[in-house]
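*Asks:* sequence and predicted structure are below.
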Amino acid sequence: MGINDLFPGGNQPGRDIRGELTEEEFEVLDKVAKKVVQWRMAVPAIMTLETAKPLSFIGSQVMVFFEPIIKSLFAMKYYDIFQQLMEDRENVERLLQLIEKHDAELIVTEKDYRRKLKIYLKRQPFGRRAWMWFSGRYPNLDQLNEQMEKWGITQEQIDQMGKKKKKK
């Protein structure tokens, strides 16, 4: 029995993120978390949500107050659902967990992209590398995956190349 067992809603590793949420409510939280990570605002969002967690009910009521203005300016399909979700602190915690999960996935994807890009650039002539650097136009992950397949390079070989560099 640890300290987290004494408090309801403590950070337990095996706890289900979905909890009692409906599919639509979970989808709304997931979309918000993905957007935050896509905009590279995970750290400021986490800090803000952690700081404002005790005031989540007041924040949701502010959302109710500004609802007519926001809905007149933006077409927000799930605004009411999100506002109701933010009334409960547990949902704020779920949103934080989703942001952290998607941010961790993005970090792994970016590391994979950088490794593949490095291999790709080594196989390009100097002029093409210089042009990519100058123009800022690098291939995306799907294009890199196509090139790796075309050259016969597997994910295991890419991972081994990363491990060799760490050993040196």
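*Replies:* Perfect, thanks for sending it. Given the structure is predicted, the values throughout are model-derived calculations rather than measurements.

*Asks:* E50 reaches I99, doesn't it?
*Replies:* No. Between E50 and I99 there is no contact, the gap being 10.7 Å when judged by CB atoms under 8 Å. No exception for glycine: its C-beta is placed from N, CA and C like everyone else's.

*Asks:* of these two, who's got more company?
*Replies:* I99 (23 against 12; other CB atoms under 10 Å).

*Asks:* for F66, see how far away the residue lying farthest from the centre of the chain is.
*Replies:* The centre of the chain is farthest from one residue, G127, which by CA atoms, centre = their mean lies 35.2 Å away. Between G127 and F66 the distance is 54 Å, computed by CB to CB, to the nearest Å.

*Asks:* again, but for A33
*Replies:* In terms of CB to CB, A33 sits 22 Å off from F66.

*Asks:* give me the more crowded residue out of those two.
*Replies:* A33 (22 against 10).

*Asks:* my guess is the more buried one meets I99, correct?
*Replies:* Yes. Counting by CB under 8 Å, I99 is a contact partner of A33 at 4.6 Å.

*Asks:* between these two, what contacts are shared?
*Replies:* With CB atoms under 8 Å, 6 or more residues apart in numbering applied, the contact sets of A33 and I99 do not overlap.

*Asks:* quick one: residues contacting Y113.
*Replies:* Y113 sits next to L141, L144 when contact means CB under 8 Å, 6+ apart.

*Asks:* the host helix or strand of it: which residues count as buried?
*Replies:* Using DSSP states H and E, Y113 maps to helix 89-122. Across helix 89-122, burial judged by 16 or more other CB atoms under 10 Å covers 91-96, 98-99, 102-103, 112-113, 115-117, 119-120.

*Asks:* what does stretch 40-56 give?
*Replies:* Neighbour-count burial for stretch 40-56 flags A42, A45, I46, L49, S56 (criterion: 16+ other CB under 10 Å).

*Asks:* next one: stretch 138-157
*Replies:* Across stretch 138-157, burial judged by 16+ other CB under 10 Å covers P139, L144, Q147, M148, I153.
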